[in-house]
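Novice: Could you work out the structure for the sequence below:
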Amino acid sequence: VTSRHHPVTFTLDNTAYLLSGTTLQSNPFGTNNFYRYDEDNDSWIELDNFPGGARSFAYAVTYDGKAYFGFGANGTTYFNDLWKYDPQTESWTQLNSCPCRGRAHPAFVAHNGKIYMGMGNDIANLNDWWEYDIASDSWTQRPDVPGPPRHHPFHFQAGDYVYAGMGHAGINFYADWYRYDTENNSWERMKDHPNGPRVAGQQFSYKGHGFVISGDGDQHVNLTDGEFWKYLHEEDEWLRLPNHPGNPPDGRVGRWAPGCMVLNDHVYF
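Specialist: Predicted structure coming up:
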């Protein structure tokens, strides 16, 4: 796999996949590369290219044995499309596109048969919020995310709720954090991140809790440490976990726009 930023990573049927992202050669248009991770041999297998076109700054989620992937950008083209990947047939199906502005860097979370998408940016930052119903292949607009428009937020599902926040808009960087109630279609502000603004890391859900790892802090500067946090949603508190390793040239361990996934009870980063 060629070195890249903004890779999209997900796990299906105890198998990990890597898709898209931007390499030095493909900047600023992104890629349509698609790989499967061979855990037994610690190697990557290249699959057929993603059919929806090269892009970066996209996201994927998994639900009920399928992966859902979309949005992102190719240069100045911003996508609002959505695709489904079936690992049994190794095939992609294009679904209904969102009747919203195309965008890069949105929040993208699966929960209870729905996918929630919002924020992100095209030529401007956004804070709209949309619900995609997997069964009916349809989109519904929901109340906007509170706070300023932004892109590259953190986002995950934990307990009975969807959470999103942090990120940035230009020179403004945010530490605010919000909970979305999918039953009442309403937002509630939670406690800010204890270490201040955070942007451009990774996140995942595992056994009912959300986690965030690495990224940049205020002013888009790589974090000094390889920060790793577990969100205790029952208490609305963040628990600091052991730092991830790494030795970038400037001594700052935090990575901008990395990839990570959970596979067989291990986090790969």
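
Novice: Any idea what Gly165 is bridged to?
Specialist: Taking DSSP bridges, one obtains Phe154, Trp177 as the residues bridged to Gly165.

Novice: Next, the contact list for it, please.
Specialist: Listed by Cβ atoms under 8 Å, 6 or more residues apart in numbering, the contact set of Gly165 reads 147, 153-155, 174-178, 190, 193. Any C-beta I mention is one placed from the backbone N, CA and C, and that applies to glycine too.

Novice: I'd like to know how far Pro143 sits from Asp160.
Specialist: Distance of Pro143 to Asp160, given as Cβ to Cβ, to the nearest Å: 18 Å.

Novice: and what of Thr23?
Specialist: Taking Cβ to Cβ, one finds Thr23 at 39 Å from Asp160.

Novice: Which one's more surrounded, these two?
Specialist: Neighbours per residue, other Cβ atoms under 10 Å: of Thr23 and Asp160, the larger number sits with Thr23, 17 against 13.

Novice: correct me, but the more buried one touches Ser3?
Specialist: Yes: using Cβ atoms under 8 Å, Thr23 makes contact with Ser3 at a distance of 6.6 Å.

Novice: Next up, phi/psi of the residue nearest to Leu47 when sequence neighbours are not counted, please.
Specialist: Nearest non-adjacent residue to Leu47, counting by Cβ to Cβ, 6 or more residues apart in numbering: Phe34, 4.5 Å away. Here the main-chain torsion angles of Phe34 (degrees, to the nearest 10) amount to phi -140, psi 130.

Novice: again with Val221
Specialist: phi -100, psi 130.

Novice: That one - nearest residue in space that isn't next to it in sequence?
Specialist: Closest to Val221 by Cβ to Cβ, 6+ apart is Arg252, at 7.5 Å.

Novice: List the residues that contact the one you found.
Specialist: By Cβ under 8 Å, 6+ apart, the contact list for Arg252 reads 221-224.

Novice: how much space between it and Gly196?
Specialist: With distances taken as Cβ to Cβ, Arg252 is found 15 Å from Gly196.

Novice: so where's the stretch 1-150 of the chain uncertain?
Specialist: Residues of the stretch 1-150 of the chain meeting the criterion pLDDT under 70: none.

Novice: Which of the helices or strands spans the residue lying farthest from the centre of the chain?
Specialist: Seen from the C-alpha centroid of the chain, the residue lying at the greatest distance (Cα atoms, centre = their mean) is Asn41, 26.9 Å away. Here Asn41, judged by DSSP states H and E, is contained in no helix and no strand.

Novice: coming back round to it: so what sits opposite the residue nearest to Leu47 in the bridge?
Specialist: Going by DSSP bridges, Phe34 forms beta bridges with Leu19.

Novice: what's around it, how many residues?
Specialist: Neighbours of Phe34 under the rule other Cβ under 10 Å: 21.

Novice: Repeat that for Leu24.
Specialist: When neighbours are defined as other Cβ under 10 Å, Leu24 has 9 of them.

Novice: Gln157 is in contact with Arg179, isn't it?
Specialist: No: using Cβ under 8 Å, Gln157 makes no contact with Arg179, being 10.9 Å away.

Novice: between these two, who's got more neighbours?
Specialist: Each of Gln157 and Arg179 has its neighbours counted (other Cβ under 10 Å); Gln157 has more, 22 against 19.

Novice: And Gln25, how far from Ser3?
Specialist: Relative to Ser3, Gln25 is positioned 10 Å away (Cβ to Cβ).

Novice: Give me the distance from stretch 148-157 to the chain's centre.
Specialist: Relative to the centre of its chain, stretch 148-157 is centred 9 Å away, using Cα atoms, centre = their mean, to the nearest Å.
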